[in-house]
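Trainee: next come a sequence and a model predicted from it.
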Amino acid sequence: MATGDWAVIPLFGQVLFRQWGRMRRSFLPLFLALSLCACGQPSGADAPAGPDLESLSPLAQKGLTLFRECGVCHNYQKGGRHGVGPNLWGVVGAPAAQRDTFAYSRALERSGLIWTEDTLDRYLENPHEVVPGTRMAYRGMADPADRDALIAFLASLQDPPKLAPNDPASD
């Protein structure tokens, strides 16, 4: 196609007409970026495992819904990559800042915290009060019922899954 030729591009039910030369130059970086996004992503048997979403308690399922906000920075897949924040698989019951593959804030490294349900509840309510100097940008979750649900979901992220004490399914 010559540089001066026109191209028809379907986009969300509309048709755009663009000159091929300008379109090729402006969309090439986008196409390259999108194709590189899939590089190195495991698939099939090598893909990171997550919790069995079908077997989650109703409280943990609510926590999964709430985790979408956390998912901007964190991953919950077993063996998954860290994001801006660390992968949270197996966090309940673990010491804070102990994954050697993530660069934690000095404040969190020195905190000596163990991520029990009570500690997570206080931290999720106000991270900057529990660990002054933390790099976590999240301001906190005010609703105790939402914190209970999120902690129930986080407790399910291990082998074998634990039930959080506030989860009615643990009775």
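Mentor: It's in.
Trainee: SS state for residue 97?
Mentor: Of the three states, residue 97 takes coil under DSSP: H, G, I helix; E, B strand; the rest coil.
Trainee: is it true that it touches residue 112?
Mentor: No. In this structure residue 97 lies outside contact range of residue 112 using CB atoms under 8 Å: 9.4 Å. (Glycine included, C-beta is placed from N, CA and C.)
Trainee: neighbour count for these two, which is higher?
Mentor: residue 97 (20 against 9; other CB atoms under 10 Å).
Trainee: list the contacts of that one.
Mentor: 104-105, 108-109, 111 (CB atoms under 8 Å, 6 or more residues apart in numbering).
Trainee: which among these gets closest to residue 140?
Mentor: Using CB to CB, residue 108 comes nearest to residue 140 of those, at 15.6 Å.
Trainee: next secondary structure after the helix or strand that contains the closest one?
Mentor: Element membership for residue 108 (DSSP states H and E) is helix 106-109. Next along the chain after helix 106-109, taking DSSP H and E as the criterion, comes helix 117-125.
Trainee: now what about that following helix, what contacts it?
Mentor: Contacts for helix 117-125 (CB under 8 Å, 6+ apart): 91-92, 113, 115, 129-131, 140-142, 144, 147-148, 150-151, 154-155, 164-166.
Trainee: for the helix or strand that that helix is followed by, packing partners?
Mentor: Next along the chain after helix 117-125, taking DSSP H and E as the criterion, comes helix 127-130. In terms of contacts (3 or more CB pairs under 8 Å, 6 or more residues apart in numbering; DSSP states H and E), helix 127-130 is packed against helix 117-125.
Trainee: buried residues in the helix it packs on?
Mentor: Within helix 117-125, the residues that qualify as buried are 117, 119-124, counting by 16 or more other CB atoms under 10 Å.
Trainee: could you pull up the mean pLDDT of it?
Mentor: The predicted model gives helix 117-125 an average pLDDT of 98.
Trainee: put the alpha carbons of it into CSV.
Mentor: Output of helix 117-125 as CSV, limited to C-alpha atoms (Å, rounded to 0.1, in the frame of the first residue of the first chain):
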residue,chain,number,x,y,z
GLU,A,117,-5.9,-11.5,60.9
ASP,A,118,-5.8,-8.8,63.7
THR,A,119,-2.7,-7.2,62.3
LEU,A,120,-4.1,-7.2,58.8
ASP,A,121,-7.4,-5.6,60.1
ARG,A,122,-5.5,-2.8,61.7
TYR,A,123,-3.2,-2.3,58.7
LEU,A,124,-6.0,-2.3,56.2
GLU,A,125,-7.9,0.2,58.3
